[in-house]
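Chemist: this is the structure alone, sequence omitted:
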């Protein structure tokens, strides 16, 4: 017997336990507008923020943090903002994809398609990516408030519970 996506969503957890990471060399909790937007969207949707961190775009700092979240049974999802560009300093994509056991290429493709509708061809500069680290969902997005709003409203929140349900199976 096959089930539909709507049936999957109906059986998905309602409250997701999330870790939010902002990748930045300069932001603080007070100046981190992108991370604050992620937290706002999650809490307004009834999800729980288990952890919130700001880390520099350095693999040696990001990797152990991501591994600890992957291994924490109290975290279902890690959402990262910032570090997704192509400058020499941007290393988030390489760090994150090295930890993924199951990439979700459709996440980045969908984000860039929707972003293209808003900002045009500059959307190609985003290396937003997503996948699973074992059974933990990991999604990245650019750090601007507009990009966070787009990702959260149009891509992440509509499928977050469904993603967690499938990751746990």
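Modeler: Cool, the structure landed. Bear in mind the structure is a predicted one, so any value in this text is a computation, not a measurement.
Chemist: spatially central residue in this structure, please.
Modeler: Per CA atoms, centre = their mean, the C-alpha nearest to the average position across the chain is that of residue 139, at 2.5 Å.
Chemist: give me the number of residues near the spatially closest residue to that residue that is not a sequence neighbour?
Modeler: Closest residue to residue 139 apart from its sequence neighbours, by CB to CB, 6 or more residues apart in numbering: residue 130 at 4.1 Å. (Glycine included, C-beta is placed from N, CA and C.) Residue 130 is flanked by 27 other residues according to other CB atoms under 10 Å.
Chemist: next: residue 41.
Modeler: 19.
Chemist: residue 13: what secondary structure?
Modeler: Here residue 13 is recorded as coil under DSSP: H, G, I helix; E, B strand; the rest coil.
Chemist: so, low pLDDT: which residues of this structure?
Modeler: 1-3, 5, 7-9 (pLDDT under 70).
Chemist: all helices for this structure, in order.
Modeler: Secondary structure of the chain (DSSP state H): helices located at 5-10, 33-44, 59-70, 92-99, 105-119, 145-150, 157-168.
Chemist: how far off helix 59-70 does the fourth one point, in degrees?
Modeler: Just to be clear, that refers to helix 92-99. Helix 92-99 and helix 59-70 are oriented at 50 degrees to each other (axes from the mean of the first three to the mean of the last three CA atoms, to 10 degrees).
Chemist: show me the contacts for the residue nearest to residue 139.
Modeler: 103-104, 107-108, 137-140 (CB atoms under 8 Å, 6 or more residues apart in numbering).
Chemist: show me which of the residues you listed are buried.
Modeler: In the contacts of residue 130, burial by neighbour count holds for 104, 107-108, 137-140, counting by 16 or more other CB atoms under 10 Å.
Chemist: closest one of those residues to residue 125?
Modeler: Among these, residue 108 lies closest to residue 125 (CB to CB), at 12.3 Å.
Chemist: roughly how far does the closest one sit from residue 126?
Modeler: 8 Å (CB to CB, to the nearest Å).
Chemist: residue 95 too?
Modeler: Note on residue 95: its distance to residue 126, by CB to CB, is 16 Å.
Chemist: much appreciated, bye for now.
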